[in-house]
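Trainee: Task: produce atomic coordinates for the following.
(2 chains)
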Amino acid sequence: MTQRRVVITGIGMVTPLGIDEDVVWRRMLAGETGIGPITSFDQEAFISPYKVKLAAEVDSEIVAEALATMRRRPVDRALDFAMVAGDQALRQAGLIEAEPPFEPREVPVIIGTGTGSAQSLSQAFGRFAAKGPKGLLPSSVPRVMFNAISANLSMHFKLTGPNYMVISACTSAANALGDAYRRVRSGEFDIAVSGGAEGCLDPFFFGIWNNLGVLSPEPDPAMACRPFDAERQGTALGEGAALLVLESLESAQARGARVRGEIVGYGESSDAGHITGPNVEGQARAIEKALQSAAGVVEPADVAYINAHGTATRTNDTTESAAIRAALGDVADEIPVGSNKSFFGHTLGACGALETAVTLMALEKGLIPPNFNLVTPDPDCPVRLAGREPEAMEGSVALKNSFGFGGGNAVLVLAGADR
Amino acid sequence: MDRNEVLARLRGVLEESSTEPIDWSQLAETSTVASLGFDSLSILDVLYGIEQEFGVELDAGDVIDLETVGELVALVGERAA
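Mentor: So this is what the prediction gives:
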């Protein structure tokens, strides 16, 4: 079967800057960060102190309001985010009825996550630690199982294609989108729902990150996560979800659906090096493979924006810059590189999807979101960096990089709808 | 234990075990069990909650034919005595 063109007909997002994409975009252009002091759990309530006090949190109240309109109540943070984002995406795509019950649709649900149903898992462990097996709810299995998110999306929206989670740390959502992209591209399915969800701001899961030493100790939220800055001191964690409806162009046109953009290439690799340390060769190979997969459709010189993984750790940003140079050569001189993590923090298993959604919006609007807190570009990051103000995008093709612990790398080549 | 106290404590158990967006402040003895939206899985959490809250062990067979919350209040009150 001929390879089909894969477009995006729906985007949904739950982010530390809000759950309305227009609000999120406006706040990004204004240089507002979603990073702030942690309020979702009491850091003082533990035997030993947390070093890191900042994270990018989603507003629980607006999520609860959105769930109420879906006739749901909060159950688990990551799951709740995914459900709200899924509802937005499917409604935007015009694929679901106004209210349940929904007609069954044979659509796969392929979702990335870093920590899964972390809140439910932590709560269950806490009950077990206090009371042993008798402390565990009978419903613990379906609450904590690592596929709870895709399962609930499938059940609520009556999506009867395969449903499963993709777990590859910071690369999860990109890998999930890549899988979904291939299933639509091949003609196996006309439509797929994919993305990522992350609810990692749980005391235990935040604790394991607190101790790893990659989170920035900077107390000013606006400066805590400063991708590509010479003075950067690490990343900040964030939570949220983004879901996208992927669809063949033929199906979208037949339905008269609004096309938000297109996936024109996808490449992936593993470093097979260090479990947390990144690797120039592995990252460059993923970029090259993504561009090769798009060859004939877009050329490297067409790339007008790179939405970087850009975590603001010392090693990621230098490695990623070197990988961009290695893969693109002199063409890299012309391509502004920006990171969204100064806005959302590092949303782990959701970042590949959330930042893809932002990239699609950037392509639609022809505007590159700013590196709003880039004070001193690091000379060891020899790429062209987007500045502190939004700038015009000179073209309609972008790359989205995701590079994860475990050495997995995935790069999406995205194009505007008007290509 | 009077019925009002049982109902109040039962309300807490039901709300905790439910994933439905129900207004629990409206729960009364006349509310039907069916209207609360429990399924074969979530009812297990209710039974677990009743055991934790009242020390009363019920199984699915005990509750399957109950129609109203009042009947559940009566059953729990009787077994807790």
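Trainee: what's the burial count for the closest residue to chain A within chain B?
Mentor: Sorted by distance to chain A under C-beta to the nearest C-beta, the residues of chain B start with B:Leu44, at 3.6 Å. Where C-beta positions appear, they are placed from N, C-alpha and C, glycine not excepted. When neighbours are counted by other C-beta atoms under 10 Å in any protein chain shown, B:Leu44 registers 17.
Trainee: got the contact list for it?
Mentor: A:138-139, B:60 (C-beta atoms under 8 Å, 6 or more residues apart in numbering or on different chains).
Trainee: From these, list just the buried residues.
Mentor: A:138-139 (16 or more other C-beta atoms under 10 Å in any protein chain shown).
Trainee: Just say helix, strand or coil for A:Ala64.
Mentor: helix (DSSP: H, G, I helix; E, B strand; the rest coil).
Trainee: Who are the contact partners of it?
Mentor: A:73-74 are the contacts of A:Ala64 under C-beta under 8 Å, 6+ apart.
Trainee: Am I right that the residue of chain B closest to chain A is in a strand?
Mentor: No - B:Leu44 is assigned helix when assessed by three-state DSSP, not a strand.
Trainee: Against B:Arg11, how distant is it?
Mentor: 19 Å (C-beta to C-beta, to the nearest Å).
Trainee: Also A:Gly240?
Mentor: Taking C-beta to C-beta, one finds A:Gly240 at 33 Å from B:Arg11.
Trainee: The two - which one has more neighbours?
Mentor: Of the pair A:Gly240 and B:Arg11, A:Gly240 is the one with more neighbours under other C-beta under 10 Å, namely 35 against 17.
Trainee: Helices of the chain, start to end?
Mentor: Using chain A here. In chain A, the segments counted as helices under DSSP state H are A:21-29, A:60-69, A:77-92, A:118-131, A:140-144, A:148-157, A:172-185, A:203-210, A:221-224, A:249-255, A:280-293, A:314-328, A:341-344, A:351-365.
Trainee: I was thinking of chain B, sorry if that wasn't clear
Mentor: B:3-17, B:42-54, B:60-63, B:69-80.
Trainee: closest one to A:Ile263 among those helices?
Mentor: helix B:42-54 (39.0 Å; C-beta to C-beta).
Trainee: Helix B:3-17 and the closest one, what's the angle between them?
Mentor: 130 degrees (axes from the mean of the first three to the mean of the last three C-alpha atoms, to 10 degrees).
Trainee: buried stuff in helix B:42-54?
Mentor: So helix B:42-54, judged by 16+ other C-beta under 10 Å, has buried residues B:42-50, B:53-54.
Trainee: and the stretch 1-150 of chain A, which residues reach chain B?
Mentor: A:67-68, A:71-73, A:75, A:137-139, A:142 (C-beta under 8 Å from any C-beta of the partner chain).
Trainee: Apply 7 Å and report the result again.
Mentor: Within the stretch 1-150 of chain A, the positions adjacent to chain B are A:68, A:71-73, A:75, A:137-139, A:142 by C-beta under 7 Å from any C-beta of the partner chain.
Trainee: related to what we said a few turns ago, return the closest of the buried residues of helix B:42-54 with respect to A:Asp418.
Mentor: Closest to A:Asp418, out of all of the buried residues of helix B:42-54 and judged by C-beta to C-beta, is B:Ser42, at 48.6 Å.
Trainee: Contact partners for the residue in the stretch 51-200 of chain A that chain B sits nearest to?
Mentor: At 3.6 Å from chain B, A:Pro138 is the closest residue in the stretch 51-200 of chain A, using C-beta to the nearest C-beta. Applying C-beta atoms under 7 Å, 6 or more residues apart in numbering or on different chains to A:Pro138 gives the contacts B:44-45, B:48.
Trainee: Let's see that with 8 Å instead.
Mentor: Counting by C-beta under 8 Å, 6+ apart, A:Pro138 touches B:41, B:44-45, B:47-48.
Trainee: What does it show for phi and psi?
Mentor: phi -60, psi -30 (degrees, to the nearest 10).
Trainee: Need the pLDDT of the nearest residue to it once chain neighbours are set aside.
Mentor: In this structure, A:Pro138 finds its nearest non-sequential neighbour in B:Leu44, 3.6 Å apart by C-beta to C-beta, 6 or more residues apart in numbering or on different chains. On the pLDDT scale, B:Leu44 is placed at 95.
Trainee: Do any residues in the least confident helix or strand in chain B by mean pLDDT lie close to chain A?
Mentor: Using mean pLDDT, DSSP states H and E, helix B:60-63 stands out as the lowest-scoring helix or strand of chain B, at a mean of 92. No - figure legend: helix B:60-63 not in contact with chain A (C-beta under 8 Å from any C-beta); closest approach 10.5 Å.
Trainee: Would you mind writing the CA trace of that helix as CSV?
Mentor: Output of helix B:60-63 as CSV, limited to C-alpha atoms (Å, rounded to 0.1, in the frame of the first residue of the first chain):
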residue,chain,number,x,y,z
ALA,B,60,-20.8,-9.3,47.2
GLY,B,61,-23.6,-11.8,47.8
ASP,B,62,-24.7,-9.7,50.9
VAL,B,63,-25.2,-6.6,48.8
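Trainee: Buried residues, that helix. List them.
Mentor: Buried residues in helix B:60-63, defined by neighbour count with 16+ other C-beta under 10 Å: B:62-63.
Trainee: which strands and helices sit next to that helix?
Mentor: When contacts are defined as 3 or more C-beta pairs under 8 Å, 6 or more residues apart in numbering or on different chains; DSSP states H and E, helix B:60-63 sits against helix B:42-54, helix B:69-80.
Trainee: can you state the direction angle for the first one and helix A:118-131?
Mentor: When you say that, I think you mean helix B:42-54. 40 degrees.
Trainee: Format the CA atom coordinates belonging to helix B:42-54 as PDB.
Mentor: Listed next in PDB are the C-alpha coordinates belonging to helix B:42-54 (Å, rounded to 0.1, in the frame of the first residue of the first chain):
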ATOM      1  CA  SER B  42     -15.800  -0.600  42.500                       C
ATOM      2  CA  ILE B  43     -18.300  -2.500  44.700                       C
ATOM      3  CA  LEU B  44     -15.300  -4.400  46.000                       C
ATOM      4  CA  ASP B  45     -13.800  -1.100  47.200                       C
ATOM      5  CA  VAL B  46     -17.100  -0.300  48.900                       C
ATOM      6  CA  LEU B  47     -17.000  -3.600  50.800                       C
ATOM      7  CA  TYR B  48     -13.400  -3.000  51.700                       C
ATOM      8  CA  GLY B  49     -14.300   0.500  52.900                       C
ATOM      9  CA  ILE B  50     -17.200  -0.900  55.000                       C
ATOM     10  CA  GLU B  51     -14.800  -3.300  56.700                       C
ATOM     11  CA  GLN B  52     -12.200  -0.600  57.400                       C
ATOM     12  CA  GLU B  53     -14.800   1.800  58.700                       C
ATOM     13  CA  PHE B  54     -17.200  -0.400  60.600                       C
END
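Trainee: Next to chain A, which bits of chain B? Give me the list.
Mentor: B:19-21, B:41-42, B:44-45, B:47-48.
Trainee: any chance of these in TSV, with distance to A:Tyr266 too?
Mentor: Compiled in TSV, these are given as follows (distance: C-beta to C-beta, whole Å):
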residue	distance to A:Tyr266
B:Thr19	36
B:Glu20	40
B:Pro21	39
B:Leu41	38
B:Ser42	40
B:Leu44	43
B:Asp45	42
B:Leu47	48
B:Tyr48	46
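Trainee: Identify, from these, the entry nearest to B:Leu27.
Mentor: Of the residues of chain B next to chain A, the one sitting nearest to B:Leu27 (C-beta to C-beta) turns out to be B:Glu20, at 11.9 Å.
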